[in-house]
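>>> missing the sequence, but the structure's below:
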């Protein structure tokens, strides 16, 4: 009788998936791109600084970032089949740490801003 042939699905490699994912991201290649807060109005800067402060104090953010870092670290040490996958896990960890570092920098600006506002007293005689 007739034999049914199962059509083989093309294998999707992890690197293909990563490359496809990165293509969908919008990356700003603006000249002189420096800090995120440079182009903002003063009120927007204050909101950004306050939000960074809240992010760093957010229990869920702390738990999620710690969990993801540990997952990637464990994967790199225990499951990665080759050096490229280890490097990818390291890049993911570095990306998470970059987010935390930038939020920490903005939080420092928030703290500096609050110190300046608290130390100024309109009623104090000069």
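Cool, the structure landed. This one's a predicted model, so the numbers in the text were calculated from it and none came from an experiment.
>>> got a list of what the nearest residue to residue 111 once chain neighbours are set aside touches?
Excluding the flanking residues, the one nearest residue 111 by C-beta to C-beta, 6 or more residues apart in numbering is residue 53, at 7.6 Å. To be clear about C-beta, it is placed using only N, CA and C from the backbone, and glycine gets the same treatment. Residues in contact with residue 53 (C-beta atoms under 8 Å, 6 or more residues apart in numbering) are 106, 107, 110, 111.
>>> which ChimeraX command selects the buried ones in the residues you listed?
The following ChimeraX line selects those of those that are buried, judged by 16 or more other C-beta atoms under 10 Å:
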select :106,107,110
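>>> nearest to residue 83, of the contacts of residue 53?
residue 106 (34.6 Å; C-beta to C-beta).
>>> any stretches of the protein with poor pLDDT?
The model of the chain has pLDDT under 70 over residues 1-34, 117-126.
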